[in-house]
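[1] Take a look and give me a structure for this.
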Amino acid sequence: MTKYGYKLIFALIGLALVLGLLTAPAVAQEFKEYVNEKLKFSTKFPDNWQSEAKKTKTGGTALVFSGSKGTDEYYTTINIQVVHRQPKNTLQTQAQGFAKQLAATPKYKILSLVEGDLSGQKAVRVVAIYQIPNGKEMFKQDQLIIERDKYFYWLGYTAPEKLFEKYKGIMEQAVGSFQFLP
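    Alright, predicted model coming up:
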């Protein structure tokens, strides 16, 4: 083989490597399992994300998972909230309540509302965009509401609209690995 043949082979290998890098997934993550014995569920999150428990307006607790400060992932969150079921409260009334919350935000739009199941339980999945009051940036949210026994589990992914698709795989991993504990 001539020296030009070798150069051509190396150039093609280099091109293949560059193309491979350009077509690789936008975000490669290592995930770890998160287990909450008290709330009876497990799921997976990026191992470099932090979790924080926050009080809700109704006195409950929401678990908020996000990336480190100073990164894009800091502005993307997954939160899990467990809501005690009240008499006459259904999965549909929970979804309607979420839609009502969205209606209170500027420029909101529900993109999809699908009924199905998650981990063997009835669920509703709502995807919407909205603007935070007094803010300029648009956010996109993928919200699952799951009915189980006397509780509703809310599993939501929120990100600025421009980052939503980039980190959507994190929500898919959390949903795909979500399980109820006995």
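[2] from here on, contacts and neighbour counts on C-alpha atoms
    Will do.
[3] Please enumerate the strands of the protein.
    Counting by DSSP state E, one finds strands in the chain at the ranges 31-36, 41-46, 50-55, 61-66, 77-84, 109-118, 121-131, 138-148, 151-160, 179-180.
[4] Save these as TSV, and put in mean neighbour count, mean pLDDT and distance to Ala103 too.
    Shown next, in TSV, are the strands of the chain (neighbours: other CA atoms under 10 Å; pLDDT from 0 to 100; distance: least, CA to CA, whole Å):
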stretch	mean neighbour count	mean pLDDT	distance to Ala103
strand 31-36	15	93	32
strand 41-46	19	93	30
strand 50-55	13	87	23
strand 61-66	19	90	21
strand 77-84	19	92	20
strand 109-118	14	93	8
strand 121-131	19	95	9
strand 138-148	22	95	14
strand 151-160	21	94	16
strand 179-180	17	94	31
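[5] Turn those strands into JSON lines, columns for distance to Gln173.
    JSON lines is the format used below for these (distance: least, CA to CA, whole Å):
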{"stretch": "strand 31-36", "distance to Gln173": "8"}
{"stretch": "strand 41-46", "distance to Gln173": "7"}
{"stretch": "strand 50-55", "distance to Gln173": "16"}
{"stretch": "strand 61-66", "distance to Gln173": "13"}
{"stretch": "strand 77-84", "distance to Gln173": "11"}
{"stretch": "strand 109-118", "distance to Gln173": "13"}
{"stretch": "strand 121-131", "distance to Gln173": "15"}
{"stretch": "strand 138-148", "distance to Gln173": "13"}
{"stretch": "strand 151-160", "distance to Gln173": "11"}
{"stretch": "strand 179-180", "distance to Gln173": "12"}
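[6] Nearest to Met171, out of those?
    Shortest separation from Met171 across the strands of the chain is recorded for strand 151-160, at 6.1 Å, computed as CA to CA.
[7] List the neighbouring strands of that closest one plus their orientation.
    Counting by DSSP bridges, the strands paired with strand 151-160 are strand 77-84 (antiparallel), strand 138-148 (antiparallel).
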